[in-house]
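Asks: give me a 3D structure for the following:
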Amino acid sequence: MKNVFKFTLSVLTIGIIFISCGNDDDATTTTTEEEVGITELSSAFDQFSDAVTVTLSSDGTQIDIETTGFPNHTSIYWETDHALYVDESSAGVVKTTQDTYIGGGTGEASSFIVDATPNLTGATVDTQLNTVGIAVSGAAIFNDQEGAGDLDQAAGSLDYNGAHKGPGVYHYHLEPKSISNDDDELVGILLDGVFLYGRKCNSTGTYPTDLDASGGHTSTTQYEADELYHYHIINEEYNAPLYAYDEAIVLFAGPFQGY
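Replies: Modelled structure (predicted):
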């Protein structure tokens, strides 16, 4: 069981940590169900790569998640002499810039703190640009927008895992096929503390039919014996002809449900 996750948000990614979950303005508070701590981390955290570490707070109410930001799979965005570099130009992938590579530049590492038990009783929160979660690979998860516009403007730069680099972190916009490829695999954890899974549900082996607007529902998973709210990648193709690979499935557009 991993009890430590390391993230140090860069200046670029820190701007999105709007998740100060601010319901603590009152000088006095009463004990609520959300404040009850857990005694151990979910076994889902064991699936994260060595790039990611997690720390459970001493009272069991919060989880600190940190990552180096470096994925554990191949990409055209590694330097050409790196063991994980693969040339994807034959598939039509054009790097954002030729000197953009994983491990080069700023903003690689990131971190955030989530409630050990996500608060599903409040209002939903829209996603914003930059990091919206961390994948099991150690790389960042972004939403379905690129810069100030639609993701289509970046279509040609997305690698096999629906990701690209620069100017900050290497990050996924689409279903990362090295992690989850039309299946029920754990993809990562989002900024509201809710886990994200692939397109299929482990409890049924099929595409879930009861997802809310965020792609979430409550059921058992391969890591939880009790029913638990979690997200799935919504099984909807996203303007695939513009993208280098056959399918383009948005990873997570939001809104967050767990604040």
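Asks: where does pLDDT dip in the stretch 101-250 of the chain?
Replies: By pLDDT under 70, the low-scoring segments of the stretch 101-250 of the chain are 105-107, 148, 167.
Asks: which parts of it are strands?
Replies: With DSSP state E, counting those that start in this stretch as the criterion, the stretch 101-250 of the chain has strands at 110-115, 133-135, 140-141, 145-146, 149-150, 163-165, 170-172, 186-190, 195-197, 216-221, 224-232.
Asks: show me the contacts for residue 224.
Replies: Neighbour list for residue 224: 42, 44 [criterion: CB atoms under 8 Å, 6 or more residues apart in numbering]. C-betas here are computed from N, CA, C, even on glycine.
Asks: ugh, wrong one, I meant residue 143
Replies: Residue 143 touches 127-129, 132, 173, 251-254, counting by CB under 8 Å, 6+ apart.
Asks: show me just the buried residues among these.
Replies: By neighbour count, with 16 or more other CB atoms under 10 Å, the contacts of residue 143 hold 127-128, 132, 173, 251-254 as buried.
Asks: and of these, the nearest to residue 149?
Replies: When the buried ones among the contacts of residue 143 are ranked by distance to residue 149 (CB to CB), residue 173 comes first, at 12.7 Å.
Asks: related to what we said a few turns ago, now render the strands of the stretch 101-250 of the chain as CSV, adding distance to residue 208.
Replies: What follows is the strands of the stretch 101-250 of the chain, written out as CSV (distance: least, CB to CB, whole Å):
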stretch, distance to residue 208
strand 110-115, 23
strand 133-135, 19
strand 140-141, 20
strand 145-146, 25
strand 149-150, 27
strand 163-165, 25
strand 170-172, 21
strand 186-190, 15
strand 195-197, 9
strand 216-221, 6
strand 224-232, 6
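Asks: mean neighbour count, these: which tops it?
Replies: Across these, averaging neighbours per residue (mean count of other CB atoms under 10 Å) puts strand 133-135 on top, at a mean of 29.
Asks: direction included, what does it pair up with?
Replies: Sheet pairing of strand 133-135 (DSSP bridges) gives strand 140-141 (antiparallel), strand 186-190 (antiparallel).
Asks: want to throw these into JSON lines with distance to residue 62?
Replies: Output for the strands paired with strand 133-135, formatted as JSON lines (distance: least, CB to CB, whole Å):
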{"stretch": "strand 140-141", "distance to residue 62": "20"}
{"stretch": "strand 186-190", "distance to residue 62": "13"}
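Asks: before I go, just wanted to say thanks for your time.
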